[in-house]
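S.K.: 3D model of this:
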Amino acid sequence: MKLASIIVVPLALLLAACEQQKTPQQQQQSAPPKVQSGTAYSYANLPSMPKAADGADGSGCLADTGPLPDGIWYGTVVAWTATSLDLDPACWFTGAEAAKEATKRGEESPPPNDFLVANDSKVVRKIPVAPNTPALRVTHDKDGGIENQKTTYADMTANSGTYIQCPGDGCSVWVAVNGGVVTEVSMQYLP
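M.R.: Residues are numbered from 1 along each chain as shown. Below you'll find the predicted structure:
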């Protein structure tokens, strides 16, 4: 099945868990240091997504305060320009951790498609994006199937593809943050 070949990060998420209306607070981060190649946080070369101490994939769940720390973060892009993005971070759980979190929240367990998104944060974080940041765009191929396209973040902001409308409520992404700057962006496929 083509689906297995197009997923770069763990199985997709349901946004139903985070449909509540938000009143986001924009947080501006201070000027970040220059990012060098060979950064510490990069999901492009990972054989599988790491698990945080809280059981969430990537770097885990965040508190409602402070800038986005360095790490690999999941969330929804609510606004973007060619040089920054506004991310509504969320927690992405898969496997046994997804089932445990769903039970804790009184939701269907195990969750559909073996993943769960929890978004208890009310803070949207504005993050600068490094020049020439690599990106992965999820879009439709010529036959109507889903495919990943390697591109740059600047190109993705100009043409988000045909799969999801970005930015917006359904614009699910993973970002790698190094030195306070986004250094990779990958759209997340959602079944």
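S.K.: quick check: A56 vs L116, distance?
M.R.: Remark: distance between A56 and L116 (CB to CB, to the nearest Å) = 9 Å. (Each C-beta comes from the backbone N, C-alpha and C, glycine too.)
S.K.: those two: which is more packed in?
M.R.: L116 (28 against 25; other CB atoms under 10 Å).
S.K.: where's the more buried one, which helix or strand?
M.R.: strand 115-118 (DSSP states H and E).
S.K.: give the next helix or strand downstream of that strand.
M.R.: Following strand 115-118 toward the C-terminus (DSSP H and E): strand 123-128.
S.K.: pull up the pairing partners for that next one, direction included.
M.R.: Within its sheet, strand 123-128 is paired with strand 25-28 (parallel), strand 84-94 (antiparallel), according to DSSP bridges.
S.K.: ok, residues contacting whichever helix or strand comes after the longest one?
M.R.: Using DSSP H and E, the helix or strand that follows strand 84-94 towards the C-terminus is helix 95-104. Residues lying outside helix 95-104 but in contact with it, judged by CB atoms under 8 Å, 6 or more residues apart in numbering, are 51, 55-57, 91, 93, 108-111, 114-116, 118.
S.K.: also stretch 84-91?
M.R.: Against stretch 84-91 from outside (CB under 8 Å, 6+ apart): 18, 22, 24, 26, 54, 56, 60-62, 68, 73-80, 101, 117-121, 123-129, 167, 173, 175, 182, 185.
S.K.: what bits of the chain have low per-residue confidence?
M.R.: Filtered on pLDDT under 70, the chain yields the residue ranges 1-47.
S.K.: buried subset of the contacts of stretch 84-91, written for ChimeraX?
M.R.: Of the contacts of stretch 84-91, the buried ones can be selected in ChimeraX as follows, counting by 16 or more other CB atoms under 10 Å:
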select :18,22,56,60,61,62,68,73,74,75,76,77,78,79,80,101,117,118,119,121,123,124,125,126,127,128,129,167,173,175,182,185
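S.K.: just to revisit the earlier point, for the strand holding L116, output the C-alpha coordinates as PDB.
M.R.: C-alpha atoms of strand 115-118 as PDB (Å, rounded to 0.1, in the frame of the first residue of the first chain):
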ATOM      1  CA  PHE A 115      -2.300   7.800  17.500                       C
ATOM      2  CA  LEU A 116      -3.700  10.500  19.700                       C
ATOM      3  CA  VAL A 117      -3.200  14.300  19.700                       C
ATOM      4  CA  ALA A 118      -3.600  16.200  22.900                       C
END
